[in-house]
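Participant: Quick check, what structure comes out for this input:
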Amino acid sequence: TSRSLKHKQWYQRRVRGRPNSFDMYLLSYLEYAAYETNSKRKRLYVVYLEKIIQTCRSAIIKHLKSIVTLLIDYMKVKDIDEIRLSCLKCFKLLLVHGWPRICTHSIDILMCCVNVVADSSYDGKIQVYNDTRDFVLALKKRCGGNLDKHLECLKSFNNKGVKNMVAFVFETETPS
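Facilitator: Modelled structure (predicted):
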């Protein structure tokens, strides 16, 4: 029957590991986004990436490392706060849809967030600071005790914003 033939063809494509059209689209999208230098266009890329993650959910697992790398790179943009806030929204979605694989990237994400907290506390950007602090708390809860020793080391960091963030993360009780 044609149904069993279609299933067999589908299975053969999956076994050979050939990327499907979604994979090819996402790979090219991430590549274009990675080479973008204009901050306003970066904002558009990250907003659209948020919609892709919301729509595709667990289908993005194969591309998790590329997405995390792109978001970490975009978090370095200081001139437009919406880029950082949208990146944090994407990271929050990845906590839900990329778990447990997101925990393998948790240290890199934490270090990125520490830089953002240090910058935003110095520049007085309260919304970016609060959202980043709340995300670090969610990351700590989601990844269990993997980040505790790294957060302990950050207590001696010479930045008031980072010290306050670490204190907040340790003081906030995790629900059992």
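Participant: The residue lying closest to Lys62 once chain neighbours are set aside: neighbouring residues, count only.
Facilitator: Nearest non-adjacent residue to Lys62, counting by Cβ to Cβ, 6 or more residues apart in numbering: Asp23, 6.7 Å away. C-beta: built from backbone N, CA, C; applies to glycine. Per other Cβ atoms under 10 Å, the neighbour tally for Asp23 reads 14.
Participant: try Asp108
Facilitator: With other Cβ under 10 Å as criterion, Asp108 counts 13.
Participant: State the distance from it to Ile53.
Facilitator: 18 Å (Cβ to Cβ, to the nearest Å).
Participant: and the residue nearest the centre of the chain, which of the three is it?
Facilitator: For the chain, the residue nearest the mean C-alpha position is Phe91 (3.0 Å; Cα atoms, centre = their mean). The local conformation at Phe91, judged by DSSP: H, G, I helix; E, B strand; the rest coil, is helix.
Participant: For it, give its distance to Ile72.
Facilitator: Phe91 sits 9 Å away from Ile72, going by Cβ to Cβ.
Participant: which neighbours do these two share?
Facilitator: Common neighbours of Phe91 and Ile72 (criterion: Cβ atoms under 8 Å, 6 or more residues apart in numbering): Ile109.
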